[in-house]
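coords please:
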Amino acid sequence: AISISKAINSQEAPVKEKHARRIILGTHHEKGAFTFWSYAIGLPLPSSSILSWKFCHVLHKVLRDGHPNVLHDCQRYRSNIREIGDLWGHLHDRYGQLVNVYTKLLLTKISFHLKHPQFPASLEVTDEVLEKAAGTDVNNIFQLTVEMFDYMDCELRLSESVFRQLNTAIAVSQMSSGQCRLAPLIQVIQDCSHLYHYTVKLMFKLHSCLPADTLQGHRDRFHEQFHSLRNFFRRASDMLYFKRLIQIPRLPEGPPNFLRASALAEHIKPVVVIPEEAPEDEEPENLIEISTGPPAGEPAVVADLFDQTFGPPNGSLKDDRDLQIENLKREVELLRAELEKIKLEAQRYISQLKGQVNSLEAELEEQRKQKQKALVDNEQLRHELAQLRALQLESSRNQGLREEAERKASATEARYSKLKEKHSELINTHAELLRKNADTAKQLTVTQQSQEEVARVKEQLAFQMEQVKRESEMKLEEQSDQLEKLKRELEAKTGELAHAQEALSRTEQSGSELSSRLDTLSAEKDALSGAMRQREADLLAAQSLVREKEAALSQEQLRGSQERGELQGRLAEKESQEQGLRQRLLDEQFAMLRGAAAEAQGILQDAVSKLDDPLHLRFTSSPDYLVSRAQAALDTVSALEKGHAQYLTSLADASSLVAALTRFSHLAADTIINGGATSHLAPTDPADRLVDACRECGARALELLGQLQDRQALPRAQPGLVRTPLQGILQLGEELKPKSLDVRQEELGAMVDKEMAATSAAIEDAVRRIEDMMNQARHESSGVKLEVNERILNSCTELMKAIRLLVMTSTSLQKEIVDSGRGAATQQEFYAKNSRWTEGLISASKAVGWGATQLVESADKVVLHKGKYEELIVCSHEIAASTAQLVAASKVKANKHSPHLSRLQECSRTVNERAANVVASTKSGQEQIEDRDTMDFSGMSLIKLKKQEMEIQVRVLELEKTLEVERMRLGELRKQHYVLAGVMGTPSEEETNQPSAAPRSGASKKPPLAQKPTVAPRQDHQLDRKDGVYSAQLMNY
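Next up is the predicted model:
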């Protein structure tokens, strides 16, 4: 009780080791913790958090080092421990929070060890006991691992809470407040070292039974605990407080790799060593408080009163009794001191034996590692031998190297047999060492048993000493009673003295027996020390033998690995070269394929991007050209499928696939671009469907090219999927073709010459009619009208001359085009082959002739004052547009360096200038002839002015409305004109590469009216000489 009260108090200082040790010895003495709990129940734990903290610390030490029955005694007081933890957990107190965490750890510890009695409270078991406790059922192993993880979490949570409070309180390990918190962590370190070793063993065993994915949660939890435990050991080892009390092991830098079974051999069990303590000089105290007799001063007082009354009756006998009692007390104290020394020596001897056992276990682990390494090397040798035999079978095909390979194989087999013999010798040696190690372990077990017997004998001696002490105290009480009786009965004194002498004689006899037993124990101690020295010498000899065998094994392994490496290098050199060349060829072929696919992907991406490019809106194409491109692209799909199949059959030849891929990418990109260009002039619904088909074709082609660039996806590629969108584009192109033609293709050649001749004749007739009109105007008009008519007719004459020169130049350019492009074919065959271009020429020629005729008629009406000047201006614009169409149709197939083309462009600019002159002269003449009356406001009142203003506003609104309606009619007329003209596009296939400022009809029959430009009509007062630039832009696009 004294030790318990001294150990568990409210002072903020660590529990002294001597008090805790006496409490632990008391549990071993009474085979349980009944006395500890009987005193602990009465402690005021709810009143002091420090008192509760020390109680938890002492209880932890008692559970770890006390008698095994302590665990069952503590089970009965689980509710008390839980109540203390819950009480302090609800209060805001630093030690109270620690007490809450500590009680949870103690409850977890009690539950775990009661559920698994194979594990003592100190957690010190061998690997065999661990294997037996885990069993062979994977569910039991899994559950045991989870429980050990929970156990470790409680331990680490307590350490983290303690270090967190030390950081906030800025306490150091040398201060009493810091040591009070740090003291329980010694037991935590001892528990964690064992739990870490057991969890590593169990995790490797689980990974040998279950798949790695199932144990992902276990691995994550172990890694988290490993890093927390490593940080805990590192921080604790840096504190001075722990350096003198415990030797903390160091964990490796990284956690074990459970996915590799051989990593178990690299695991080293962490061993915690408690250094020896210096013997304490303080007087030993009793564990249990024993009630003593009356104070020593009472008998003396009573004796003095008796002497004063009756006198000293035989004082010599009284003096002998006192001296004997004092001698007996001194002997008892000496025996106590000797017994305490024996206990200290026994504990020191036990700690030494534990250290030796730990070292032996570490050496045993090293031997196991060497055994596993030897087994792994053996497996590698077998695997390499199998490879060598396979290489020998393969090299037998080469007649030139057959004999050399056989010699090498025989040499390898001989060396392998030698290695096998040496390996068997090493296995036998290792088995002998294991047997010796087992004998040593048995001897150590016998030694430990003898030590336990010594400890039990010492406990018995201590118990007998306690009995002697009690008997002596009882004798003292009896003697005091006898002294009292002597006062009442003087005649009975002699008998009492004889009784006391007999008791003293028995005490002397017991003392002599104790001394003889102590001599016997010292002799047994000497014998045990000699046996231990003999065992140590045997162990050193075994270790030296193991080192010698390990050195010999390492030398043999090194020599064998060198010879095996040379043989394997020679045999595999040719195969590696062939394999390298083959792999290089495959890589080069795939690199060539991937480069071609990447280039094709860039081409197709550029083509798809043109569909959304605003600059591409100016480009147009014909449905016929689109159909030809789509058909060519469809033809390449079959070649692409064939090349893909050939490449999958032979990966060493990708030439056919690369060639097919190159042709397909260019034709598919050309189809997409021409599809977009054709949609610019198509109706809205077919245009949208055509653009969607082009986008789908581009997406399928890009997906195919992406698969061809990936080794994994290349076998799954399906080139035939591109055929569907291409067929859709082909079908839409067929739908957009013109439905009818005026003439057959065989008649186109004659039609071109006929139309060009008719155009020249119409221009000649127009020039002649203008000259006649000029002569008639000179006879019938005079003054300003004559001047205006002459200026208009002169400008029209100049325009007709320029048009005539342009038609002649265009005819020469067409002959040059036909001569250079027809080859061996006839002129009619050339026109029939290029029917779209021919039809464009016919349409342009008709438009020029019709425009010249309309210009002459409009000029005649203006001169005779029957027409409007606006008709003459519109006709000038129409002629400019028609000539631009003729130039564009001639320019498509002409050589860009042709001199006729240069002259044609120059004539086109001249026509634009002459048309602008006609417009300017017409406008100026209109301004001269028309009378512009000035308004007379004299005599008009305010009301009349307001009325006229309103009438003019009404007139303006009516005219604006009429203008809007007429513009809408003009738009509808132009739409109907384009519908009647047939397919909207350029007159030739090659024109797809030429930008267009406005849609034009080129492949249909010549309509009754010439085609109109796609610009909004401008007001007459906005036209000037710059309007000629409009026609020039149309021609030079």
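
list the helices and strands the lengthiest helix in the chain packs on?
Scanning the chain for the helix with the most residues, using DSSP state H, yields helix 493-610. Here helix 493-610 touches helix 315-395, helix 402-488, helix 655-679, helix 684-708, going by 3 or more C-beta pairs under 8 Å, 6 or more residues apart in numbering; DSSP states H and E. Backbone N, C-alpha and C define where each C-beta goes, glycine included.

pLDDT of stretch 403-419, averaged?
Mean pLDDT, computed over stretch 403-419, is 70.

one step back: mean confidence score for the helix or strand just after the longest helix of the chain?
Next along the chain after helix 493-610, taking DSSP states H and E as the criterion, comes helix 623-649. Averaging pLDDT along helix 623-649 yields 88.

gap between residue 809 and residue 215?
To residue 215, residue 809 is 90 Å away according to C-beta to C-beta, to the nearest Å.

Likewise for residue 559?
41 Å.

How about residue 204?
Counting by C-beta to C-beta - residue 204 and residue 215 are separated by 11 Å.

likewise residue 787?
Distance of residue 787 to residue 215, given as C-beta to C-beta: 110 Å.

More neighbours: these two, which one.
residue 215 (20 against 14; other C-beta atoms under 10 Å).

three-state assignment of residue 57?
Put simply, residue 57 is helix when judged by DSSP: H, G, I helix; E, B strand; the rest coil.

List the contacts of it.
Residues in contact with residue 57, defined by C-beta atoms under 8 Å, 6 or more residues apart in numbering, are 15, 102, 183, 184, 187.

Mind giving me the ChimeraX select for these, buried ones only?
Restricted to buried positions by 16 or more other C-beta atoms under 10 Å, the ChimeraX selection for the contacts of residue 57 reads:
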select :15,102,183,184,187
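
Closest one to residue 796 out of the contacts of residue 57, please.
Lowest distance from residue 796 to these (C-beta to C-beta) belongs to residue 102, with 117.4 Å.

show me what contacts the closest one?
Applying C-beta under 8 Å, 6+ apart to residue 102 gives the contacts 53, 56, 57, 60, 85, 158, 184.

In helices, which of those residues fall?
Those of the contacts of residue 102 mapping onto helices are 53, 56, 57, 60, 85, 158, per DSSP H.

Tell me how far residue 210 lies from residue 719.
Remark: distance between residue 210 and residue 719 (C-beta to C-beta) = 46 Å.

I misspoke; the intended subject was residue 553.
Separation of residue 553 from residue 719 (C-beta to C-beta) stands at 62 Å.

And these two? Which one has more around it.
Neighbour count, other C-beta under 10 Å: between residue 553 and residue 719, residue 719 has more, with 25 against 20.

shouldn't the more buried one be in contact with residue 639?
No: Residue 719 is beyond contact range of residue 639, at 9.3 Å (criterion: C-beta atoms under 8 Å).

shared neighbours of those two, which are they?
With C-beta under 8 Å, 6+ apart, residue 719 and residue 639 have no common neighbours.

In the stretch 301-450 of the chain, where is pLDDT below threshold?
Filtered on pLDDT under 70, the stretch 301-450 of the chain yields the residue ranges 301-319, 392, 395-402, 404-406, 409, 416, 423, 447, 450.

Apply 50 and report the result again.
Where the stretch 301-450 of the chain drops to pLDDT under 50, the residues are 301-318.

ok, now the stretch 801-950 of the chain?
For the stretch 801-950 of the chain, the stretches flagged by pLDDT under 50 are 824, 932-933.

mind listing the helices for it?
Assigned by DSSP state H, counting those that start in this stretch, the stretch 801-950 of the chain shows helices spanning 827-833, 835-863, 869-891, 899-929, 942-981.

Save the ones you listed as a markdown table, and put in distance to residue 588 too.
Shown next, in a markdown table, are the helices of the stretch 801-950 of the chain (distance: least, C-beta to C-beta, whole Å):
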| stretch | distance to residue 588 |
| --- | --- |
| helix 827-833 | 45 |
| helix 835-863 | 46 |
| helix 869-891 | 47 |
| helix 899-929 | 48 |
| helix 942-981 | 56 |
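
Quick one, which of those helices gets closest to residue 698.
Once those are compared by C-beta to C-beta, helix 835-863 is nearest, at 26.3 Å.

And that closest one, what's buried?
By neighbour count on 16+ other C-beta under 10 Å, the buried set for helix 835-863 is 835-860, 862-863.

next one: that helix to chain centre, how far?
Here helix 835-863 is found 74 Å from its chain centre; the criterion is C-alpha atoms, centre = their mean, to the nearest Å.

helices or strands next to that helix in the packing?
In terms of contacts (3+ C-beta pairs under 8 Å, 6+ apart), helix 835-863 is packed against helix 748-780, helix 783-821, helix 869-891.

which SS state does residue 118 fall under?
Look at residue 118: counting by three-state DSSP, its state is coil.

gap between residue 341 and residue 348?
Per C-beta to C-beta, residue 341 is found 10 Å from residue 348.

you'd agree residue 223 is up against residue 254?
No: Residue 223 lies out of contact with residue 254 (C-beta under 8 Å); the separation is 9.3 Å.

In terms of packing, which of these two has more residues around it?
Neighbour totals were compared for residue 223 and residue 254, and residue 223 leads with 13 against 10 (other C-beta under 10 Å).

gap between that one and residue 194?
Taking C-beta to C-beta, one finds residue 223 at 19 Å from residue 194.

try residue 335
Separation of residue 335 from residue 194 (C-beta to C-beta): 39 Å.

so where is the stretch 151-300 of the chain shaky, pLDDT-wise?
Ranges of the stretch 151-300 of the chain meeting pLDDT under 50: 168-171, 278-300.

if we go to 90?
Residue ranges of the stretch 151-300 of the chain with pLDDT under 90: 163-181, 208-215, 236-247, 249-254, 257-300.

what are the ranges of the helices in it?
Here the stretch 151-300 of the chain has its helices, by DSSP H, counting those that start in this stretch, at 176-182, 185-209, 216-237, 240-243, 297-310.

related to what we said a few turns ago, just the helices and strands packed on helix 493-610: most buried one?
helix 655-679 (a mean of 24; mean count of other C-beta atoms under 10 Å).

Show me what that one is packed against.
Using 3+ C-beta pairs under 8 Å, 6+ apart, helix 655-679 sits against helix 493-610, helix 623-649, helix 684-708, helix 723-735.

Report the angle between it and helix 493-610.
Comparing the axes of helix 655-679 and helix 493-610 via axes from the mean of the first three to the mean of the last three C-alpha atoms, to 10 degrees yields an angle of 60 degrees.
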